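J.: Show me how the following folds:
(2 chains)
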Protein chains: 2
Amino acid sequence: MPHIPLSEKLPGITGLLDYRKDTALPIRQLTQILLRGESTLTEGERELIATVVSQGNECRFCTAAHSAAASVLLNDERIAAAVKTDIDSAPVSGKMKSLLKIAKAAGKSGKLVTEDMVARARAEGATDLELHDTVLIAALFSLYNRYVDGLASVTPADPAFYNRLGNILKEKGYLPSENRYANL
Amino acid sequence: MPHIPLSEKLPGITGLLDYRKDTALPIRQLTQILLRGESTLTEGERELIATVVSQGNECRFCTAAHSAAASVLLNDERIAAAVKTDIDSAPVSGKMKSLLKIAKAAGKSGKLVTEDMVARARAEGATDLELHDTVLIAALFSLYNRYVDGLASVTPADPAFYNRLGNILKEKGYLPSENRYANL
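T.: Predicted coordinates for the structure are as follows:
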């Protein structure tokens, strides 16, 4: 049961963003810029970053939601599953492997991002902006992970729930919209 | 040295918020609402929450900056120093002690916020909104802590730097403003 009263129809982050809409708006805007704005990383790749950070922070709701979003965007369920199991052997580029490792480290503590990890990412072709955005996405999902679990919001068990949410995140993005969760 | 090129005149978070202004804006807006918006917690109390979270996450820049902001707002340097040493014996209300403990736990992991900790805060008079805001402030500073350290931004050693920054945070708040750091 959540620590504060939240809508029973809106599990996980959805009820929290509904609880206080004035704080939800800049959180949604930041997420839209980072995960759906112009970038040299695809939307699917950025959802993979959100996935490994949430997994590292053991947030089950966020991990399942962004795995589902990545799978819908990449049109392949195996990639998110693979990065959650072992980044090194996952079917993603060398650059993405190095960025996913930076993200997972940053999600635990910024101090875990070493110069060697950054040098490796640069050698694989990562730009300053990609490094910046990877760390900021990791930081943002560290916010989400703590918001979701710190208030004990509900984590649905049914995988179909996350597939529906992943489709909403693909179709509607992160900004507020009318009847956003009508099909949830 | 930072992992990406940042202005040498803008250490810590200030150079990062200058590096990518479109992502900085919603981060600033969220912080302004949570730390300076209408609340039953004082601005000084909310800066104490930011302080203990940053300390728990071992972010030296953020801890020093928000200790300084709390000290300026509370007009007393001893309170921020005391909560960093031992929350239980610090000269703050019972409600603040319980909220600071929730914040420090949430900053490490949302799962560390227990029902007992929430029940204790409620017994001390904490409201649903105060509990929500405490966890979201902890989540937001977990973002800041990772952003600042994950890109290895510079942490000035001079305490006078943080006193100047604390005064800017009191006088100007968190929204963007012209010549914001002219006196930094």
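
J.: ok, longest helix in chain A?
T.: Scanning chain A for the longest helix, with DSSP state H as the assignment, gives helix A:128-150.

J.: Show me what counts as buried in it.
T.: For helix A:128-150, the neighbour count (16 or more other C-beta atoms under 10 Å in any protein chain shown) marks A:130-150 as buried. Glycine gets a C-beta too; all of them are placed from N, C-alpha and C.

J.: what about the helices in chain A?
T.: A:12-19, A:21-36, A:43-56, A:60-74, A:77-85, A:94-108, A:115-123, A:128-150, A:159-172.

J.: The longest one packs against which elements?
T.: Using 3 or more C-beta pairs under 8 Å, 6 or more residues apart in numbering or on different chains; DSSP states H and E as the contact criterion, the elements in contact with helix A:128-150 are helix A:12-19, helix A:21-36, helix A:43-56, helix A:60-74, helix A:94-108, helix A:115-123, helix B:94-108, helix B:128-150.

J.: Tabulate these (JSON lines), appending mean pLDDT.
T.: Below are the helices and strands packed on helix A:128-150 laid out as JSON lines (pLDDT from 0 to 100):
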{"stretch": "helix A:12-19", "mean pLDDT": "97"}
{"stretch": "helix A:21-36", "mean pLDDT": "98"}
{"stretch": "helix A:43-56", "mean pLDDT": "98"}
{"stretch": "helix A:60-74", "mean pLDDT": "98"}
{"stretch": "helix A:94-108", "mean pLDDT": "98"}
{"stretch": "helix A:115-123", "mean pLDDT": "98"}
{"stretch": "helix B:94-108", "mean pLDDT": "98"}
{"stretch": "helix B:128-150", "mean pLDDT": "98"}
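
J.: quick one, which of those helices is nearest to residue B:76?
T.: helix B:94-108 (13.9 Å; C-beta to C-beta).

J.: And the contacts of the closest one?
T.: Applying C-beta atoms under 8 Å, 6 or more residues apart in numbering or on different chains, the contact partners of helix B:94-108 are A:146, A:150, B:41, B:45, B:48-49, B:52-57, B:83, B:87-88, B:90, B:92, B:112-114, B:117-118, B:120-121, B:124-126, B:130-131, B:134-135, B:137-139, B:141-142, B:145.

J.: Could you tell me which residues within stretch A:56-74 count as buried?
T.: Within stretch A:56-74, the residues that count as buried by 16+ other C-beta under 10 Å are A:56-57, A:59-74.

J.: Alpha carbons of that stretch, as CSV, please.
T.: Taking only C-alpha atoms (Å, rounded to 0.1, in the frame of the first residue of the first chain), the coordinates of stretch A:56-74 have been written out as CSV:
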residue,chain,number,x,y,z
GLY,A,56,20.6,-1.1,-11.0
ASN,A,57,18.4,0.8,-8.6
GLU,A,58,16.1,-2.2,-8.2
CYS,A,59,13.0,-0.3,-9.1
ARG,A,60,10.8,-3.0,-10.5
PHE,A,61,8.1,-0.7,-11.8
CYS,A,62,10.5,1.5,-13.7
THR,A,63,12.5,-1.4,-15.0
ALA,A,64,9.5,-3.1,-16.4
ALA,A,65,7.9,0.1,-17.8
HIS,A,66,11.1,1.2,-19.7
SER,A,67,12.0,-2.3,-20.8
ALA,A,68,8.5,-2.4,-22.4
ALA,A,69,9.0,1.1,-24.0
ALA,A,70,12.4,0.1,-25.4
SER,A,71,11.0,-3.2,-26.7
VAL,A,72,8.1,-1.4,-28.5
LEU,A,73,10.4,1.3,-29.9
LEU,A,74,13.1,-1.2,-31.0
